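Peer 1: Any chance you could fold what I've pasted below:
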Amino acid sequence: MVVWEAVDSSIAYVIRHRKVGEEEWTEIVVTMNFFELTEMENCEVYEVQVQTVCARDTSGYVESLLMPAACNTAVEDLALHLNVQVFPNPFDKQLSLEITSEEYQDLIIEVLQLDGKSIRRQTTNMLPGKQHILIDNLENLASGITSSV
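Peer 2: Alright, predicted model coming up:
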């Protein structure tokens, strides 16, 4: 979402945006001082500019703001270069992960119930080499199957 300081005398704002490297701009007129850029292509960077329209005058466009789109990648498209060992299996109140990575990468580790409900989620920055991660406070799990995959 792009948000800018409102101008008291404005009647509208012209937002123009484009993918970095393209020549053509897409323009949209809004009356509020924010705009949600949707339909961005995966992993692309977009350039956004705002122009204020007043009853008697119109400003120039402000300096470009660069907005990176999210990078959503399916697991089968990733070359994770990870080796993961989980213990103990089955686990009780805590779960230990030993992860070896060949490169720096951000990981999201999520513990799920059998029905798919997330019970713990954490993010970690993996450095090349071996890292130990402890996920604790899992004692509130319902009794039954507590194994890791």
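
Peer 1: Give me the phi and psi for the residue of the chain most remote from its centre.
Peer 2: Each residue of the chain has a distance to the centre, and by Cα atoms, centre = their mean the biggest one is for residue 56: 40.8 Å. Dihedral pair for residue 56: phi -110, psi -10, per degrees, to the nearest 10.

Peer 1: ok, now which ones touch it?
Peer 2: For residue 56, no contacting residues are found, by Cβ atoms under 8 Å, 6 or more residues apart in numbering. C-beta coordinates here come from the backbone N, C-alpha and C atoms, glycine included.

Peer 1: Ok, residue 59 next?
Peer 2: 51-53.

Peer 1: can I see the domain layout of the chain?
Peer 2: Annotated domains of the chain cover 2-68, 75-135 [automatic domain parsing].

Peer 1: Going by mean pLDDT, which of those comes out lowest?
Peer 2: Among the domains of the chain, domain 75-135 has the lowest mean pLDDT, at a mean of 78.
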